[in-house]
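In: Take this sequence and fold it.
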Amino acid sequence: MRILRGVPAGRSSRWRRGAAGGAIGRWYGQWTVGILEEDIARVRAATDASAVIGEQVALRKVGNSFVGLCPFHAESSPSFNVNPREGLYFCFGCQASGDVITFVRETQHVDFAAAVEYLAAKVGIQLRYDTPGATREHHRRAELVGAMEEAVEFYHQRLMTSDDAARARRYLRAERGYDAEVVREFKLGWAPEGWDTLCRALHQPFDRMEEAGLALRNRVGRSMDVFRGRIMFPIFDVDAKPVAFGGRILPGGEGPKYKNSQEGPLYSKRRILYGLNWAKANVVEVGEVIVCEGYTDVIAFHRAGLPRAVATCGTALADEHMQRLKNFSRRIVLAYDADPAGQGAAEKFYAWEQKLGLDIAVLRLPPGTDPGELGTRDPDALRAAVAAARPFLAFRVERLLEAADPSSVEGRARGADLALEAIGTHPNSLVRDQYVMQVADWARVPAERLRVRMEELRSAPPRPVAERSPRRRGDDGPGQRPDGDDDGRHLRTRPTVAAVRYPPAELEALRLAIHQPESVAAVLEDVLFSHNVTRAAFHALLDAPTLREAIVTAEPEVAALLSRLGMEEPGGDADDVVALLARNSAQRAIVNITSAARSNQELVDLRWAKERMDALSDPDRRVAASAQLVAWLSGSGEEGS
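Out: Numbers count the residues shown, from 1 in each chain. As a prediction, this is how the structure comes out:
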């Protein structure tokens, strides 16, 4: 164990440097976008984990650790522990674990590189990147974000103060009810009518403006602004960095009502959700996210006291969006009419629910209204609609039955068939059966008869869906429908501690190896560990220079055990623990040797081993006897030496 200091020369090869270094590098390489491992180590070493975590968790010192209420699950008594020496945390309630970088990632919902950069800025470390390409890419992105930040500020100040934005200000006040506070909060802006006003104002290189999606060249080679004569809605990524714009034309203006930035180095509409930078804190707090169609819907929810709304940016709700949202909340409320997409939507929603563990509900609004309109006119009604959001299948079934004619036998039969077709698409048979019973009450037909009918419909070949509601097109732009294929990418999941009892002496030996390595470095061997997980944990410590790297390279169950033990101070004497392990291991060895000898009709002399086991009870001979038994068990000692 490279964690175990003072390892004597000539020890077994198990004590040599293993493959952990390469594994760590490969794992880091997935997330660091080229940040040098040396700099990652410098950031970790310079960061006081208890101070960073203490900014969000009230910690109190208990022994050598800090304890507080876990930020990852609700609890009334503290089970969240921070080990400041190792820079690790572990929750005994929910098994959340990791280091200070993991904590920043989990609480701020950023990727590994962003977490490292955040911590580096706090401790004043200038990060380096391991390839010229990575360094160039990092600087290039920073330059593009800088240009976008200047553009956001230019458009915003233009809306707030310029005479040519007076009509836009009147529209926002009169039609939308936006005062100056709303404009400032969402950084709304105005793109003037001039051909190249922004290009001339920013003094940025044209190539950078073009790459950021702010400028282009016309047919005669003259530079011109991409957005002109539009109210500007800046789009930020989850880290609150501006990456794109949505521009709305004023009533009576020429061109499409909404115009969005083209995709580029900063912006992917399948990955970005408008408003997530503002909504994420409330989403995590409440455990629910509201997904809208457009910018003004998001603002309406915020103004109605529901600041957990986000919107897709002129595209369908995609797998990448849901992958991102599930890191914040498992409950997704769709604030648009999800019914017109029909069967395609159902299959996608159910797949998301099963694969990502989501709970997808749908908001029901009065006919002909959208969240932006309702939020302005009656915010209480909007809040009530969110509280009454229904599961997607319930929403579909209710819509189909409401559209049917219950006054005639034929009407009830048609309505029941349509509802059964919708119910039959759900993958869970228990859920299907609950809805079948609801339809049976509505159609006045025995539930068993409807179960048979549903199976007939499920086995029939699919038919075109003729009845599609019109797609709602409100002021927020085109309606959305789920689309896109799963790309098979999954985020790393947090390992949990298996509900299994490990041998207590082996756990105590691992605690000593982690917290007091010098006390056991000379005597611990893997033959002393009988459980495959504790033995694997011992080998993980052997091959890693730090506990953190042992956790990173270990299998999930082993990593979870090491994370837990990293928070538990040892309570036993090292000599006593090793003696107990030696006794237990020697007893197992004697049983095995005796059994094998009996099978082969051989005689074996085990008096030497038994004498050493007896010597374990003598305080003056215990240490020497333990070492002799460990050497004998490892096959590197000679009987009677």
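
In: now for the lengthiest helix in the chain, which elements pack on it?
Out: Identified as the longest helix of the chain according to DSSP state H is helix 132-161. Helix 132-161 sits against helix 180-185, strand 189-191, helix 197-202, helix 206-211, strand 230-236, strand 242-249, with contacts defined as 3 or more CB pairs under 8 Å, 6 or more residues apart in numbering; DSSP states H and E. C-beta here means a position set from N, CA and C on the backbone, and glycine is covered the same way.

In: Show me what counts as buried in it.
Out: 134, 138, 144-148, 150-152, 154-156, 158-159 (16 or more other CB atoms under 10 Å).

In: and what of stretch 556-568?
Out: Of the residues in stretch 556-568, those buried (16+ other CB under 10 Å) are 557, 558, 559, 560, 561, 562, 563, 564, 565, 566, 567, 568.

In: Let me see the contact set for the third one.
Out: Applying CB atoms under 8 Å, 6 or more residues apart in numbering to residue 559 gives the contacts 97, 495, 540, 551, 552.

In: Name the nearest of the residues you listed relative to residue 381.
Out: Each of the contacts of residue 559 was checked against residue 381 using CB to CB; the closest is residue 97, at 44.1 Å.

In: How about that closest one: which residues does it bridge to?
Out: residue 90 (DSSP bridges).

In: How about residue 289?
Out: Beta-bridge partners of residue 289, counted by DSSP bridges, are residue 332.

In: Quick check: it vs residue 395, distance?
Out: Distance, residue 289 to residue 395, by CB to CB, to the nearest Å: 17 Å.

In: higher neighbour count, those two?
Out: Between residue 289 and residue 395, counted using other CB atoms under 10 Å, the more crowded position is residue 289 (25 against 21).

In: quick one, what contacts that one?
Out: Counted by CB under 8 Å, 6+ apart, residue 289 has contacts 279, 283, 308, 309, 310, 325, 328, 329, 331, 332, 333.

In: show me what contacts residue 273?
Out: 291, 310, 311, 312, 313, 321, 324, 325.

In: Narrow the residues you listed to those in helices?
Out: Per DSSP H, these map to helices at 321, 324, 325.

In: so the second one makes contact with residue 271?
Out: Yes. Here residue 324 reaches residue 271: they are 6.8 Å apart, a contact under CB atoms under 8 Å.

In: So, low pLDDT: which residues of the protein?
Out: 1-33, 131-136, 337-345, 461-500, 636-641 (pLDDT under 70).

In: and the residue nearest to the spatial centre of it, what helix or strand is that in?
Out: Geometric centre of the chain, nearest residue: residue 327, 3.3 Å, by CA atoms, centre = their mean. Counting by DSSP states H and E, there is no helix or strand that carries residue 327.

In: For the residue lying closest to it once chain neighbours are set aside, the count of nearby residues, please.
Out: Spatially, and ignoring its direct neighbours in sequence, residue 327 is nearest to residue 109 (5.9 Å; CB to CB, 6 or more residues apart in numbering). Neighbours of residue 109 under the rule other CB under 10 Å: 20.

In: Just give me the neighbour total for residue 42.
Out: Neighbours of residue 42 using other CB under 10 Å come to 17.

In: That one against residue 125, yeah?
Out: Yes. At 5.6 Å, residue 42 counts as touching residue 125 under the criterion of CB under 8 Å.

In: rewinding a little: which pair of the contacts of residue 559 spans the longest distance?
Out: 97 and 540 (14.3 Å).

In: mind checking the SS state of the residue nearest to residue 84 when sequence neighbours are not counted?
Out: For residue 84, ignoring the flanking residues on the chain, the nearest one in space by CB to CB, 6+ apart is residue 50 at 4.4 Å. In three-state terms, and counting by DSSP: H, G, I helix; E, B strand; the rest coil, residue 50 is helix.
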